[in-house]
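J.: Need a 3D model of the following:
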Amino acid sequence: MPYYYYAYDWTYFLVLIGAVLSIIASVRVNTTFNKYAKVRSMTGMTGAEAAQRILQYNGIYDVQIRQVSGNLTDHYDPRNKTLNLSDSVYGSASVAAVGVAAHECGHAIQHKEGYGPLKLRSALVPAANIGSRLGIPIILLGIIFSYNYVLIQVGIWVFALAVLFQVVTLPVEFNASSRAVQALDQMGILAGQEVGQCRKVLSAAAMTYVAAAAAAILQLLRLILLFGGNRRRD
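T.: Numbering: from 1, shown residues only. The predicted model follows:
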């Protein structure tokens, strides 16, 4: 069967489902963050100040807090121990900003404690980058070169590394959010209904990772359905 047949196969429905899930998750996290970005925390502590307080409370003094451009570009980098907070989080005293900053602190705490899933995710980064960039191109090369089964299978396995990274990311993110809410509550940085509002922000953010993992799994399933069953199709 010629390779161009696959441009019209029913398995595109799996890709569509993944895309819809990602869009819904993205809309939800932005809507939820924007809603609680308008709610000022009772302590008036900014995201950067809350992050500094949480890090010190957990005995972490070697992590530098930086402001980075963009919206919701917040991340913790274990390679150089920097906690990077976006413009909408760093200097904002909103419940949403404090929650996101605390979430990134959760990753710093994981790093300090040697949290297993975080170590595994960090180890998978190089392989995941290769998988996301080269998996599909390798499969396409296999199709172009007379449906070369070896190339196609290599492409599927390489792409699977990127999927594995997405799956391993889930416990890392959920655990960081759990640590964040607990720290904010115990330390009194947020109180009362603010804790619940923060939990809503972080839950919405976590769903973006769930959607990304689901989309990656569905794409992998599609590749297996198309190319995993037979060594060659004429």
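J.: Can you list the low-confidence ranges for the chain?
T.: 1-8, 229-234 (pLDDT under 70).
J.: Just give the nearest non-adjacent residue to Lys112, would you?
T.: In this structure, Lys112 finds its nearest non-sequential neighbour in Ile60, 5.7 Å apart by Cβ to Cβ, 6 or more residues apart in numbering. For glycine as for every other residue, the C-beta is placed from the backbone atoms N, C-alpha and C.
J.: do the same with Pro171
T.: Per Cβ to Cβ, 6+ apart, closest to Pro171 is Pro117, 4.6 Å.
J.: ok, and the closest non-adjacent residue to Ser203?
T.: Using Cβ to Cβ, 6+ apart, the nearest residue to Ser203 is Ser177, at 7.3 Å.
J.: For the one you found, give me its contacts.
T.: His103, Gly106, Arg199, Leu202, Ser203, Ala205, Ala206 (Cβ atoms under 8 Å, 6 or more residues apart in numbering).
J.: The second one: how many residues sit nearby?
T.: For Gly106, the tally of surrounding residues (other Cβ atoms under 10 Å) stands at 28.
J.: need the contact list for it.
T.: So Gly106 contacts Asn175, Ala176, Ser177, Ser178, Arg179, Ala180, Ala183 (Cβ under 8 Å, 6+ apart).
J.: Tell me which helix or strand the spatially most central residue of the chain sits in.
T.: What sits nearest the mean C-alpha location of the chain, by Cα atoms, centre = their mean, is Tyr209, with 4.4 Å. Assigned by DSSP states H and E, Tyr209 falls within helix 193-227.
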